[in-house]
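Trainee: return atomic coordinates for the entry below.
(4 chains)
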There are 2 protein chains.
Amino acid sequence: MTTTTAAQKKAQAKVEYDAFLAQCPSRKLIDRIADKWVTLVLAALNSDGSHRFGLDCAGEPRPMRYSELSRLLAGVSQKMLTQTLRSLERDGLITRTVVPTVPVTVTYELTDLGISLHHVMRGLKGWAETHMDDVLANRATYDNRDA
Amino acid sequence: MTTTTAAQKKAQAKVEYDAFLAQCPSRKLIDRIADKWVTLVLAALNSDGSHRFGLDCAGEPRPMRYSELSRLLAGVSQKMLTQTLRSLERDGLITRTVVPTVPVTVTYELTDLGISLHHVMRGLKGWAETHMDDVLANRATYDNRDA
DNA sequence: GGAAGTAGGCACCTGAAGGTGCGTAACGCC
DNA sequence: GGCGTTACGCACCTTCAGGTGCCTACTTCC
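Mentor: The predicted model follows:
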């Protein structure tokens, strides 16, 4: 019983740390935006749609239809688009409104919360555009180190 | 051949979009920080180590030893810690210095690039702390909608 | 009358992330 | 002399995010 200290203490610390991570807001946010299509959808909904790709956002928030998003984010599967939109709606980042036209159409729009989140994403984008080249250069140097 | 338009065009668009994503700096950055332990390591290296958990960073950059990180980030496996540190070193975000003491000790330290990245992470942290409660509230409301 | 668009649901499958466990080689502690 | 520490490497195993394909009803275009 007295010799359990080392391993047991580490196990205990791990449980505590895992519990901490499970309710850490920052971690939750990272998990949220780490979803492959979340950022793309946010960017698309914030753009004016005239751009070829979602991340080149320069317009202002505008409601978009499901099919429109599907076309803009050409790489997304129907399943993932639906899933992503549902989860974003669930979190109150976008709104989903059904318009009972001949074939039902559905429009999605950023909420204020979604817009504010997109703002911080712009911050990330800024860093990425100014520093990512350095990172890639470092990576190349590292890989050729022992070539 | 003439009837291939619809499906084929979509497939073509998908290929182009995937290619775009593959070299998009923002996406690369998101993939980078989405790694489970990357942000934790950055935060830990930026803190003074006196705090119980890595994300509660308030100190200034300080070199840390492998075992020290392992203890601070109690939940991380040795494999993942090593892997994470290697990839961060590869990207020039941290430096790895081997000190030939009796049992070799290794210290890791943030580079300027790593520090600047951590700054934008602080931005994310700020949003998370102020808005994540709203998100969780929305989520709860959504889930109890049809209960 | 067949194809395409409207917004998805459902089931299956795979690749990769991440965890666990074991080994190392030299040394200090009790 | 057996266990602990130091900083990993390697192999196996599980899990699950995400992709693919097939389905719906209804309508309109060619």
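Trainee: how many residues are close by the residue in chain A that DNA strand C sits nearest to?
Mentor: Using CB to the nearest atom of the strand, the single residue of chain A nearest to DNA strand C is residue A:67, 2.9 Å away. (C-beta placed from N, C-alpha, C; glycine too.) Applying other CB atoms under 10 Å in any protein chain shown, we find 11 residues neighbouring residue A:67.
Trainee: tell me which element it falls in.
Mentor: Assessed by DSSP states H and E, residue A:67 sits inside helix A:66-72.
Trainee: domain assignment for chain A?
Mentor: By the assignment in automatic domain parsing, chain A contains the domains A:1-34, A:36-144.
Trainee: how near is the residue nearest the centre of chain A to chain B?
Mentor: Central residue of chain A (CA atoms, centre = their mean): residue A:33, 2.6 Å from the mean position. Remark: distance between residue A:33 and chain B (CB to the nearest CB, to the nearest Å) = 7 Å.
Trainee: hang on, the earlier thing: quick one: list the elements packing against the helix holding residue A:67.
Mentor: With contacts taken as 3 or more CB pairs under 8 Å, 6 or more residues apart in numbering or on different chains; DSSP states H and E, helix A:66-72 sits against helix A:38-46, helix A:78-90, strand A:105-110.
Trainee: next, give phi and psi for residue A:95.
Mentor: Note on residue A:95: its backbone torsions stand at phi -110, psi 150 [degrees, to the nearest 10].
Trainee: model confidence for it, exactly?
Mentor: For residue A:95, the model assigns a pLDDT of 95.
Trainee: point out the residues in chain A that sit beside DNA strand D.
Mentor: A:3, A:6-7, A:34-37, A:75-80, A:102-103 (CB under 7 Å from any atom of the strand).
Trainee: between the residues you listed, which is nearest residue A:87?
Mentor: Using CB to CB, residue A:35 comes nearest to residue A:87 of those, at 7.4 Å.
Trainee: which helix is the longest one in chain A?
Mentor: helix A:112-144 (DSSP state H).
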